[in-house]
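Colleague: pasting the structure only:
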């Protein structure tokens, strides 16, 4: 890309997080967490990190347990995802550190997935 073209173009870094409850039993909930990191327009990197996580359930959840209830609880209490978000942020930083010119440090906070991402 010509330097003049590059300097005149707006480049946005996009980050989108998503989690999905995969399964559960009386003791644990199993979920998948995904973070997409890419640029708009598409250039440099397009990264998708996916982690499978297992959380131990509190005794409060033993009655009337279902997928919708679990997803709602996690969505309302996203702070329980903090350890996962920290690992994902660190992993993306390490991956992009391979290119000395464009290391990306993503925030260790949940980033809402917007339509089209």
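Modeller: It's in. Computed from a prediction, not measured in an experiment: that's the story for all the values here.

Colleague: Now do the same for residue 37: helix, strand or coil?
Modeller: Here residue 37 is recorded as strand under DSSP: H, G, I helix; E, B strand; the rest coil.

Colleague: Any idea which residue is closest to the centre of the protein?
Modeller: residue 35 (2.8 Å; C-alpha atoms, centre = their mean).

Colleague: surely it meets residue 48?
Modeller: Yes: Residue 35 lies in contact with residue 48 (C-beta atoms under 8 Å); the separation is 7.4 Å. To be clear about C-beta, it is placed using only N, CA and C from the backbone, and glycine gets the same treatment.

Colleague: can you give me the helices for the protein?
Modeller: For the chain, the helices defined by DSSP state H occupy 3-8, 67-76, 82-96.

Colleague: Please point out which parts of the last one sit buried.
Modeller: Residues of helix 82-96 classed as buried: 84-85, 88-89, 92, 96 (neighbour count, 16 or more other C-beta atoms under 10 Å).

Colleague: For burial, what's the neighbour tally of residue 67?
Modeller: Using other C-beta atoms under 10 Å, residue 67 has 13 other residues around it.

Colleague: ok, and the closest non-adjacent residue to it?
Modeller: In space, residue 67 comes closest to residue 21 once its chain neighbours are excluded; the distance is 5.4 Å by C-beta to C-beta, 6 or more residues apart in numbering.
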